[in-house]
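*Asks:* sequence and predicted structure below; questions after.
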Amino acid sequence: MPLKYFISIILLTTFFITATAQKKSNDRVISVDLGEVKGPLSKSFKMCVGAGRANEGLRADWQRQLKMAHEECGFQYIRFHGLLSDDMGVYFEDKAGHPIYNWQYIDDLFDFLLQIHMKPFVEVGFMPGALASGTQTIFWWKGNVTPPKDYQKWDDLIKALVEHWTQRYGQKEIASWYFEVWNEPNLKGGFFTGTQQDYFKMYKETAIAIKSVSANYRVGGPATAGNAWIPEMIDFCSQQKAPIDFISTHDYGVNQGFLDATGNAGTVLSQNRYAVADNMRNSKRKIAQSAMPNLELHYTEWSASYTPSDPVHDSYHEAAYILNTVKHAGSYVNSMSYWTFTDIFEEAGPRTTPFHGGFGLVNYEDIKKPAYYAFKYLNQLGNTELRCADSSAIVCKDTRGNIQALLWDFTIDHPGDSVNNQVFYKRNLPAKPLPPAQLKLHGLKPGKYVLSVYKTGYQENDPYTAYFKLGSPPQLTIEQVKILKQHDKDTPIEHRVVNVNSSGNFDKEFIIRQNEVLLINITRIN
């Protein structure tokens with residue numbers, strides 16, 4: 001053999017061995033032993049979910065979607081604005097200035113919530129017009145954001161409402177609720193016209209009124225935007241002996257801003273993949289270092305973006321964003337209430353297009369977004385979490401010996417400040433390929449199992465991409481809704497029987513692309 005051919009063979013062989021080794025080193029291996037238990041799975045991700053305002057909860061489509069989200073995603077509590085706003089018809093005064101209370105709409109809404117086995121995370125606000133100290137309002141539906149003009153009348157209203165609930169549903173039931181005073185009072189010119197001290201006064205008055213009905217009722221705040229006022233709130237309550245059972249605050253994963261009442265703000269996704277999770281952990285640390293280290297921590301709003309006009313909410317990227325945040329922050333908070341479960345949401349008025357970047361997990365025509373499946377998959381995990389070194393996986397088991405593995409990739413492909421979310425995510429964004437993920441499970445009982453694999457990602461449970469390919473019509477026909485729901489059926493991409501031999505090992509490679517999610521169920525056949 002000529003020397004040059006011999007050298008060529010050696011070089012090609014070396015290249016092949018090097019390339020193979022490089023491929024193997026880049027492969028993602030998720031190795032889990034069923035005997036190595038991390039502990040009970042934190043369920044903070046599904047304790048609560050958000051909605052726009054109370055009055056929207058009187059609608060049949062809102063109620064239908066909430067029932068569906070409760071059944072499939074497991075949400076236990078619901079939080080919304082505007083419980084005391086004028087469109088709920090709660091408070092009036094006669095000609096002599098005497099209060100008139102009306103619980104009609106509140107009863108209709110709360111009766112429904114309890115009927116479907118959900119509980120209210122009661123946001124106390126906004127101000128009834130007849131009791132308001134000013135005329136400043138927010139949103140299309142004009143929620144009054146001023147302090148009460150008469151604190152005695154305000155206290156009496158709160159006490160009367162809580163007494164009404166106690167009489168209607170029983171003290172044990174109300175003791176399982178949470179009462180949160182107001183919403184984002186730190187956004188002066190937005191949700192509250194008063195100062196921090198004005199809010200603290202209103203908080204104390206409200207908390208005392210609630211506790212006067214029962215000391216067992218749970219109350220908290222400050223429900224701030226951007227993780228604000230936590231040490232100040234605790235210091236105030238400690239010094240003033242104001243009752244407080246929990247801290248609540250909000251966070252969104254964008255670089256600037258806190259409020260978008262008109263739905264026109266330009267937003268940019270933070271390049272820090274742990275932006276929201278880091279803030280949640282930091283808030284927990286602040287509480288632990290305070291005079292009240294055992295207070296519960298509730299994030300009563302969170303998402304990738306704070307505006308109801310951000311296409312990241314509709315994109316398949318949002319599912320991976322949710323799972324990444326839950327994985328890295330879920331154990332630090334008592335609840336993390338995703339904002340919101342539905343696009344039936346009218347802060348900027350009724351929306352005019354079926355996919356407009358709305359907060360919801362479901363659009364207003366019952367089309368489930370990829371974000372919905374993040375919570376649906378989380379809800380299917382068993383109660384026992386297993387030790388798993390992979391930063392983008394949660395592996396669990398249940399009492400019947402079944403295994404659930406939730407795998408995802410979260411890659412921030414947004415280029416940063418050079419482009420807004422409203423431009424970047426409002427287009428067709430094919431997922432880029434990645435090395436396969438190899439799932440290795442050890443310690444299974446030998447026998448037959450059903451392997452079911454579900455996928456959410458690009459063109460899988462991805463109605464927004466299908467909508468984009470339809471030409472992004474401003475309104476959908478009945479047939480177009482049917483077409484989009486065909487992209488939203490969550491049927492398994494693999495479903496078959498597998499055998500686990502006496503070694504007790506399961507080993508399989510899965511194809512996963514950027515920002516895709518896989519739910520792998522391994523169900524024992526008895």
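*Replies:* Right, received. Where do you want to start?

*Asks:* spatially central, which residue of this structure would that be?
*Replies:* Most central in the chain under C-alpha atoms, centre = their mean is Tyr338, positioned 2.1 Å from the mean C-alpha point.

*Asks:* quick one: low-confidence residue ranges for the stretch 151-300 of the chain.
*Replies:* Applying pLDDT under 70 to the stretch 151-300 of the chain flags the ranges 257-263.

*Asks:* try 80 this time
*Replies:* Residues of the stretch 151-300 of the chain meeting the criterion pLDDT under 80: 256-265.

*Asks:* ok, the chain next?
*Replies:* Looking at the chain by pLDDT under 80, you get 1-26, 256-265, 526.

*Asks:* return the distance of the top strand by length along it from the chain's centre.
*Replies:* In the chain, taking DSSP state E as the definition, the longest strand is strand 447-456. Distance, stretch centre to chain centre, for strand 447-456: 26 Å (C-alpha atoms, centre = their mean, to the nearest Å).

*Asks:* from the contact counts, what lies against it?
*Replies:* helix 370-379, strand 494-500, strand 505-510, strand 517-524 (3 or more C-beta pairs under 8 Å, 6 or more residues apart in numbering; DSSP states H and E). Just so you know, the C-beta spots here come from the backbone N, C-alpha and C atoms, and that holds for glycine as well.

*Asks:* just name the most buried of these.
*Replies:* helix 370-379 (a mean of 25; mean count of other C-beta atoms under 10 Å).

*Asks:* give the other helices and strands that it contacts.
*Replies:* By 3+ C-beta pairs under 8 Å, 6+ apart, helix 370-379 packs against helix 60-73, helix 317-329, strand 447-456, strand 517-524.

*Asks:* looking at those, which is nearest to Lys153?
*Replies:* helix 60-73 (30.9 Å; C-beta to C-beta).

*Asks:* what's in contact with that closest one?
*Replies:* 46, 49, 51, 56-57, 75-76, 78, 112, 116-118, 341-342, 344, 361-362, 364, 366, 372, 375-376, 378-379 (C-beta atoms under 8 Å, 6 or more residues apart in numbering).

*Asks:* dump the helix or strand following it to CSV, restricted to CA.
*Replies:* Following helix 60-73 in sequence order, the next helix or strand is strand 77-81 (DSSP states H and E). What follows is strand 77-81, C-alpha atoms only, in CSV (Å, rounded to 0.1, in the frame of the first residue of the first chain):
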residue,chain,number,x,y,z
TYR,A,77,-56.4,28.6,44.4
ILE,A,78,-57.3,31.5,42.1
ARG,A,79,-56.3,35.1,42.5
PHE,A,80,-57.7,38.1,40.6
HIS,A,81,-58.1,41.9,40.8
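
*Asks:* residues of strand 77-81 that come out buried?
*Replies:* The neighbour-count check on strand 77-81 (16 or more other C-beta atoms under 10 Å) flags Tyr77, Ile78, Arg79, Phe80, His81 as buried.

*Asks:* run the angle between that strand and helix 60-73 for me.
*Replies:* Relative orientation of strand 77-81 versus helix 60-73 (axes from the mean of the first three to the mean of the last three C-alpha atoms, to 10 degrees): 140 degrees.

*Asks:* returning to what we had before: now the helices and strands packed on strand 447-456 in CSV, with distance to Met233?
*Replies:* Output for the helices and strands packed on strand 447-456, formatted as CSV (distance: least, C-beta to C-beta, whole Å):
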stretch, distance to Met233
helix 370-379, 29
strand 494-500, 50
strand 505-510, 45
strand 517-524, 36
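
*Asks:* nearest to Lys432, of the ones you listed?
*Replies:* The closest of the helices and strands packed on strand 447-456 to Lys432 is strand 517-524. By C-beta to C-beta, the value is 15.3 Å.

*Asks:* which strands border the closest one, and is each parallel or antiparallel?
*Replies:* Strand 517-524 sits in its sheet next to strand 403-408 (antiparallel), strand 447-456 (antiparallel), going by DSSP bridges.
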